[in-house]
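K.L.:
here you go, sequence then predicted model.
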Amino acid sequence: MRKLAMIVPLVIAFSACASTKPPNDKLTQVEASIQQAEQVGAENYAPLEIREARKKLDKARELVSREKYGKAKRTADRAMVDAELAQMKSLSEKAQKAVRQLRESIRVLQEEIQNNLDKAERQS
C-alpha cells in the first residue's frame, strides 16, 4: 500500500509532463526574431547563424507535429538564441562598417585640409 502511495504521485507527475501544451507562442517568437535578424542583414552578415535558426525552428515544428512538446520547446529556445546571435552579429558588423567609412571620410577630409593649407602657404 505504501509503495502504491509513492508510485501514484510519480505517475501523475509524468502524465502531467506528457500533456504539456505545444509551444506555439515560442515558435511565433522565434519566427519574429528570425524576421528581425533578416531585416538587419543577417543573410549577409551572419548567414550561418540565421540558417541554423531556421533549421532549428523547422525541427521544433516537426517535434510539435509529433507531439514532443518538451523537445520542441528546447529546440525553439536554441533557435531563438541563434536568431538573436544573428541579429546582434549583423548589427555589430554594420556598426563596424559604418566606423570604417567614417574613418575613411575623416582621412579624406584631413588630406583635403592639408592640401588647402599647402596651397595657401605657397600662394603667400
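P.N.:
Perfect, thanks for sending it.

K.L.:
where does the chain have low pLDDT?
P.N.:
1-19 (pLDDT under 70).

K.L.:
what ranges do the helices span in it?
P.N.:
All helices of the chain, identified by DSSP state H, fall at 2-18, 24-39, 42-45, 47-65, 69-123.

K.L.:
can you list the buried residues in the shortest one?
P.N.:
In this case it means helix 42-45. For helix 42-45, a neighbour-count test (16 or more other Cβ atoms under 10 Å) marks Ala42, Tyr45 as buried. C-beta here means a position set from N, CA and C on the backbone, and glycine is covered the same way.

K.L.:
how far out from the middle of the chain is it?
P.N.:
Centroid displacement of helix 42-45 relative to its chain, using Cα atoms, centre = their mean, to the nearest Å, is 11 Å.

K.L.:
what does it contact?
P.N.:
Helix 42-45 has contacts (Cβ atoms under 8 Å, 6 or more residues apart in numbering) with Glu49, Ile50, Ala86, Gln87, Lys89, Ser90, Glu93, Lys94.

K.L.:
ok, and the closest non-adjacent residue to Asp82?
P.N.:
Spatial nearest neighbour of Asp82, chain neighbours left out: Ala53 (3.7 Å); criterion: Cβ to Cβ, 6 or more residues apart in numbering.
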